[in-house]
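Colleague: next one to model:
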Amino acid sequence: DDLMEYGSMAEVRAHGRVRMEGKDYVMADGDVVEFRTGLTSGGKK
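Modeller: Sure thing, here's the model as predicted:
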């Protein structure tokens with residue numbers, strides 16, 4: 001609902017409606033997820 005209301009993830013963050021959860025979080029209907037893998041944009045060399 002927050003994403004629809006504010007229109008972008010940047011606006012949702014600006015209004016303090018984003019939080020980070022650990023790997024044990026149980027997904028709920030309506031959750032929007034951003035996965036962070038720890039990979040860098042440089043890749044392996």
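Colleague: use CA for all of it now, contacts and neighbours both
Modeller: Noted.
Colleague: can you give me the strands in the protein?
Modeller: For the chain, no strands are identified by DSSP state E.
Colleague: nearest residue to the middle of it?
Modeller: Central residue of the chain (CA atoms, centre = their mean): residue 34, 3.5 Å from the mean position.
Colleague: from residue 19, how far off is that residue?
Modeller: 11 Å (CA to CA, to the nearest Å).
Colleague: now do the same end-to-end measure for stretch 10-29.
Modeller: 21 Å.
Colleague: from the chain's centroid, how far away is that stretch?
Modeller: 6 Å (CA atoms, centre = their mean, to the nearest Å).
Colleague: buried residues, that stretch. List them.
Modeller: residue 12 (16 or more other CA atoms under 10 Å).
Colleague: can you list contacts of it?
Modeller: 2, 3, 6 (CA atoms under 8 Å, 6 or more residues apart in numbering).
Colleague: and the gap between the residue nearest to the centre of the chain and residue 18?
Modeller: 10 Å.
Colleague: also residue 2?
Modeller: Relative to residue 18, and taking CA to CA, residue 2 is found at 9 Å.
Colleague: helices of this protein, residue ranges please.
Modeller: Secondary structure of the chain (DSSP state H): helices at 2-6, 9-14.
Colleague: dump those to TSV, plus distance to residue 26.
Modeller: Below are the helices of the chain laid out as TSV (distance: least, CA to CA, whole Å):
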stretch	distance to residue 26
helix 2-6	19
helix 9-14	21
